[in-house]
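>>> quick one: sequence plus predicted model below, questions after.
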Amino acid sequence: MFLFKALQQAYAIVHRRAMGAGNFVTQVLRCDPSGISINSSGQPEFQTPETLAVLKTAAHHLCNLHETVVFPTETVYGLGAVATNAEASAKIFSTKGRPPDNPLIVHVSSMDMLEKLLPSNYKYSRAYRVLMKHFWPGPLTLLFPRNPDIIPTIITAGQPSVAIRMPAHPVARALIAVADAPLAAPSANTSGKPSPTKAEHVLKDLDGRVPLIIDGGACGVGLESTVVDGLNEDGNIRILRPGGVTVEQIEQVLSEEFKGGQHVPKVLVHKRDYQDAEMEAAPTTPGMKYTHYSPSVPVTLLSTLSNPPPGQSSEPMASFLSQLSSDAYRPAIGVLAPSDSRIWTHIDGSTNADWHRFLLGPTSDPSLSAQRLFDGLLTLEAEGVDSIVIEEIAEKHEGLAVMNRVRKAAGETKWVSYE
């Protein structure tokens, strides 16, 4: 408790310094991912000296100036600082306005770097070895025991475990290797807002608050990583946050690798398969406690697949849409829905609002919906809509992660039907 109070005090000091230090002139540097390859030892190789120069500039800001730097990953853009430096990492919190009890994920570039962060007596479980074999580098975060001699308390919000992943994006991995330091990095946005998947999203939000944004193009996954806790004595795999690696993928590789009568760990999804009120109050990973992913305009979830709660009934879609305007005002309304949704037919026949459309792709491809979700929220917000409605998709494969984010973004839920 004393350590965590000290952490909060340190955060407050750095926050005051950051707010009083004046703004940065934010620089955006393009870095082409195709010009980087990673060799078998985890070291980057560069096709052009310009690419290396960009990453050396970023490493200078991180390691010598102890500043934050924005960089692309395959999931979303990250706001990075050297994870072993408590004061540098505190600048992440002050830049984002992030509560100090919300932990950070640490990013590494190689297995050698990972092992230097862990307690010397720690041994990987069989399940962890399987997951790292199949999904690292990639959008999967694993909880490990924290080594208090190396990982500052501010990274874990006082928790005994630390969340770590190895990103697959070549720019992210190369930056970590060039800096020769693990980077703590949440999404590069004001806390509570949708996560950025393009450099222009970051610039619009954090311009003047960060010295450097590395532009590596649009993020391929579009949602944050899946977070797994495999540290419990029962050996089961608990999904604390669904993300870029699906539950079905994890179940499949565990089933394939645990053969010959071996006990296959169960894969349990938080809030779907089990509850943990204590962890929700003091989370071990980001995205579990606070409101997230909300643009500056109201968001409504349209539940067209789920049954309404007891005592409620679904409202016809046409009736719901007709109530979004009044005789005195014609609103601009953003709509995010699958490209093959029936909602578009209703909107085509509705003239009571200015409709702004953002298609999430076909219902058969939830990975495309995941890639487009945050971009859709930020694009519609930038178009100046008065509100946004998002249609529910099936919670299978990447759809589970999509709906996890949508439910956190939405201020209300309406049950509607096409009957």
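Noted; the coordinates are in hand. All values derive from a computational prediction rather than experimental measurement. Numbering: from 1, shown residues only.
>>> and the helices in the stretch 301-419 of the chain?
Listed in chain order, the helices of the stretch 301-419 of the chain (DSSP state H, counting those that start in this stretch) span 317-322, 343-348, 366-382, 398-409.
>>> same deal with the chain?
2-20, 49-59, 86-96, 111-117, 126-135, 153-156, 170-179, 199-206, 247-257, 277-281, 317-322, 343-348, 366-382, 398-409 (DSSP state H).
>>> okay, these, which one's buried deepest?
helix 170-179 (a mean of 26; mean count of other C-beta atoms under 10 Å). For glycine as for every other residue, the C-beta is placed from the backbone atoms N, C-alpha and C.
>>> that helix vs helix 49-59, what angle?
Helix 170-179 and helix 49-59 meet at an angle of 60 degrees, taking axes from the mean of the first three to the mean of the last three C-alpha atoms, to 10 degrees as the criterion.
>>> please work out which residues outside helix 170-179 touch it.
31, 33, 36-38, 42-44, 46, 52, 55-56, 58-59, 62-63, 69, 71-74, 78, 80, 82, 107-110, 113, 137, 166-167, 182-183, 214, 216 (C-beta atoms under 8 Å, 6 or more residues apart in numbering).
>>> over to stretch 320-327?
Contacts for stretch 320-327 (C-beta under 8 Å, 6+ apart): Leu302, Pro331, Ile333, His346, Ile347, Ser350, Asn352, Ala353, Ser387, Lys414, Val416.
>>> now the end-to-end length of stretch 188-203.
One end of stretch 188-203 sits 10 Å from the other (C-alpha to C-alpha, to the nearest Å).
>>> quick check: Pro170 vs Ile154, distance?
29 Å (C-beta to C-beta, to the nearest Å).
>>> repeat for Glu391
Distance from Glu391 to Ile154, by C-beta to C-beta: 39 Å.
>>> where does the chain have low pLDDT?
1-22, 287-291, 327 (pLDDT under 70).
>>> and the helices of the chain: which comes nearest Gly235?
With distances scored as C-beta to C-beta, the stretch of these nearest to Gly235 is helix 126-135 (6.7 Å).
>>> mind exporting the closest one as PDB, just the C-alpha atoms?
What follows is helix 126-135 as a C-alpha-only set of coordinates in PDB (Å, rounded to 0.1, in the frame of the first residue of the first chain):
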ATOM      1  CA  ARG A 126       3.700 -25.900 -21.000                       C
ATOM      2  CA  ALA A 127       0.600 -23.800 -22.000                       C
ATOM      3  CA  TYR A 128       2.700 -20.600 -22.200                       C
ATOM      4  CA  ARG A 129       5.300 -22.300 -24.400                       C
ATOM      5  CA  VAL A 130       2.600 -23.400 -26.700                       C
ATOM      6  CA  LEU A 131       1.000 -20.000 -26.900                       C
ATOM      7  CA  MET A 132       4.300 -18.200 -27.500                       C
ATOM      8  CA  LYS A 133       5.200 -20.800 -30.200                       C
ATOM      9  CA  HIS A 134       2.000 -20.100 -32.100                       C
ATOM     10  CA  PHE A 135       1.200 -16.500 -31.400                       C
END
